[in-house]
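[1] pasting the sequence and the predicted coordinates here, then a few questions.
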Amino acid sequence: MPAPHWSAPVAHAPVDATVAIPGSKSMTNRALILAALAGSPTRVTRPLHSRDTELMAEALRSLGVGIVEAASSKDRDDWQVLPGELAGPARIDCGLAGTVMRFLPPVAALADGEVIVDGDPYARKRPMGPIITALRELGVEIDDGGRGALPFTIRGTGAVRGGTVTIDASSSSQLVSGLLLAAPRFDKGVEVRHAGPPVPSAPHLAMTVEMLRAVGATVETEENVWRVTPGPLRGGETVIEPDLSNAAQFLGAALVTGGRVTVPGWPERTTQPGDALRGLLAAMGAEVSRGPDGLTVRGTGTFDGLDADLHEVGELTPVLAALAALAATPSRLTGIAHLRGHETDRLAALVNEINALGGDARELPDGLQINPRPLHGGVFHTYDDHRMVMAAAVLGLAVPGVEVENVATVGKTLPDFTKLWGSMVTASPLGPA
Ligand SMILES: O=C(O)C1=C[C@@H](OP(=O)(O)O)[C@@H](O)[C@H](O)C1
Ligand SMILES: C=C(OP(=O)(O)O)C(=O)O
């Protein structure tokens with residue numbers, strides 16, 4: 001029997017809360033890959049524990065990597081990663097995680113033996129063709145039945161030749177990141193050249209380069225070219241920052257309710273795309289300040305729509321679209337055609353669900369036009385997309401009767417979401433009605 005819908009709580013007073021956000025999905029999954037390929041153990045400190053990161057850990061374990069709870073980490077669940085000889089046979093479940101389906105196959109290609117890679121039904125629709133073709137050109141045998149998508153079988157020999165490859169990564173930056181992360185272990189390293197419409201998510205590519213360099217890799221970049229030299233990676237410790245993209249809905253709640261939300265531990269400098277929230281929420285009328293307590297967003301009770309190109313920060317779209325539906329003026333969010341290949345077709349999903357609550361959202365060739373209208377309650381479908389749950393929760397702050405279908409899908413990156421959200425809403429001075 002399907003679980004009952006989650007009734008998104010209405011905020012009857014301005015929120016006034018400090019919300020500690022768990023670790024970054026993107027950093028945790030990069031850290032696990034790099035630690036698995038290193039020459040000595042790595043402690044991953046304050047990792048995210050969620051479906052996407054547990055799938056990554058399990059995938060690496062099935063290839064022979066030890067990933068265990070680190071000593072004296074009882075309160076924090078740090079991971080200790082013990083690199084091992086990579087070997088098949090193995091069967092990898094990517095779930096719906098883009099980071100697993102794009103970062104893991106180049107590592108599996110280094111294993112000796114057969115590795116079958118598959119995922120959730122919708123994962124078979126996410127763009128994979130360019131990385132399959134690239135791996136073949138780098139010397140890897142892959143049987144994908146001609147589909148250019150999951151599922152496929154990698155027949156590894158224990159080594160990957162590497163070399164130069166040209167791909168079209170306009171559908172996902174992860175296609176480049178995946179090739180770069182494993183490349184220090186390729187015999188000739190890699191030179192990835194992009195040819196095609198612009199690659200999205202530049203901050204995530206910067207994160208890949210920075211995290212590779214932090215463990216000793218030599219990486220050179222030019223426009224649309226990335227070069228990784230073969231060489232050893234260091235173990236040691238990697239500290240994971242809070243997931244700034246997962247802060248979006250909490251900070252957005254300050255805007256919707258005219259309240260205050262502080263996120264502790266906001267890094268001074270970061271490659272995370274969520275850092276762009278400071279400028280984006282300020283453009284909507286939020287007061288954004290940074291202090292010893294973290295990043296604080298204050299709303300006045302009314303806020304403007306947003307006219308923004310989100311090409312580099314696409315994963316912020318669902319929450320920004322929900323804010324746009326509640327804003328005082330229209331919004332135009334562009335540069336995000338590639339969101340049609342995310343966990344679901346996010347442009348279609350957002351239009352369907354906002355309009356089902358009485359809204360006026362339309363698809364543009366590369367984005368969304370959202371005109372605020374009075375909304376009413378109803379069932380909000382989530383399409384196995386964690387960020388659709390987060391978007392629904394934002395709408396529910398202001399719209400009574402938003403019933404969220406399959407709320408558990410938020411566990412892809414934030415299993416504690418409903419608890420954190422409930423505490424934030426009830427921490428407001430008057431509490432819920
Ligand atoms: O490398 C990463 O960790 C990510 C890159 C981005 O993917 P796309 O470039 O496919 O949008 C982002 O949307 C995703 O949530 C995480
Ligand atoms: C696009 C996202 O995830 P994935 O890593 O699965 O691509 C996301 O988290 O918004």
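    In hand now; what should we look at? Residues are numbered from 1 along each chain as shown. Ligands and ions are numbered 1, 2, ... in the order given.

[2] surely V228 meets K188?
    No: at 10.0 Å, V228 does not count as touching K188 under the criterion of Cβ atoms under 8 Å. Any C-beta I mention is one placed from the backbone N, CA and C, and that applies to glycine too.

[3] higher neighbour count, these two?
    Taking neighbours as other Cβ atoms under 10 Å, V228 and K188 compare with V228 leading, 28 against 16.

[4] tell me the residues on the stretch 1-150 of the chain that lie near ligand 2, please.
    Residues of the stretch 1-150 of the chain lying close to ligand 2 (Cβ under 6 Å from any ligand atom) are A97, G98, T99.

[5] not counting sequence-adjacent ones, nearest residue to the first one?
    So that's A97. Setting aside the residues directly before and after it, A97 is nearest to D52 in space (Cβ to Cβ, 6 or more residues apart in numbering), at 4.1 Å.

[6] any idea how many residues pack against the residue in the chain that ligand 2 sits nearest to?
    Distance from ligand 2 to each residue of the chain (Cβ to the nearest ligand atom) is smallest for G98, at 2.5 Å. The tally of other residues near G98 (other Cβ under 10 Å) stands at 28.

[7] backbone torsions only: list them for it.
    Main-chain torsions, G98, degrees, to the nearest 10: phi -60, psi -40.

[8] once you drop chain neighbours, what's closest to it?
    Excluding the flanking residues, the one nearest G98 by Cβ to Cβ, 6+ apart is Q174, at 5.1 Å.

[9] cool, V425 as well?
    Across the structure, with Cβ to Cβ, 6+ apart as the measure, the residue nearest V425 apart from its sequence neighbours is P9 (4.6 Å).

[10] in this structure the one you found contacts L395, no?
    No: no contact is recorded between P9 and L395 when judged using Cβ under 8 Å, the distance being 11.5 Å.

[11] so the two - more neighbours on which side?
    A count of neighbours by other Cβ under 10 Å puts L395 above the other of P9 and L395, at 24 against 19.

[12] make sure the more buried one is indeed in a strand.
    No: counting by DSSP: H, G, I helix; E, B strand; the rest coil, L395 is not found in a strand; it is helix.

[13] SS state for V379?
    Secondary structure of V379, reduced to three states by three-state DSSP: strand.

[14] specify the beta-bridge partners of it.
    Judged by DSSP bridges, the bridge partners of V379 are E403.

[15] that one: what's it in contact with?
    H5, A356, E403, V404, E405 (Cβ atoms under 8 Å, 6 or more residues apart in numbering).

[16] out of those, which end up buried?
    Taking 16 or more other Cβ atoms under 10 Å as the criterion, what is buried in those is H5, E403, V404, E405.

[17] wouldn't the second one be in contact with H376 here?
    No: contact between E403 and H376 fails when scored by Cβ under 8 Å: they sit 11.8 Å apart.

[18] follow-up on the earlier one: tell me which element the residue nearest to A97 is part of?
    Following DSSP states H and E, the helix or strand that holds D52 is helix 51-62.

[19] pull the number of nearby residues for the residue nearest to A97.
    Under the neighbour criterion other Cβ under 10 Å, D52 is assigned a count of 24.

[20] the chain: helices as residue ranges?
    Ranges of helices within the chain are 25-36, 51-62, 98-108, 129-137, 174-182, 202-214, 248-257, 277-283, 317-326, 346-356, 386-398, 417-426, based on DSSP state H.

[21] for the ones you listed, give me TSV that also has distance to V44.
    Listed next are the helices of the chain as TSV, based on distance: least, Cβ to Cβ, whole Å:
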stretch	distance to V44
helix 25-36	5
helix 51-62	9
helix 98-108	14
helix 129-137	24
helix 174-182	15
helix 202-214	11
helix 248-257	24
helix 277-283	25
helix 317-326	27
helix 346-356	29
helix 386-398	21
helix 417-426	22
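
[22] could those helices be laid out in a markdown table, adding mean pLDDT?
    Listed next are the helices of the chain as a markdown table, based on pLDDT from 0 to 100:
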| stretch | mean pLDDT |
| --- | --- |
| helix 25-36 | 98 |
| helix 51-62 | 98 |
| helix 98-108 | 98 |
| helix 129-137 | 98 |
| helix 174-182 | 98 |
| helix 202-214 | 98 |
| helix 248-257 | 98 |
| helix 277-283 | 98 |
| helix 317-326 | 98 |
| helix 346-356 | 98 |
| helix 386-398 | 98 |
| helix 417-426 | 96 |
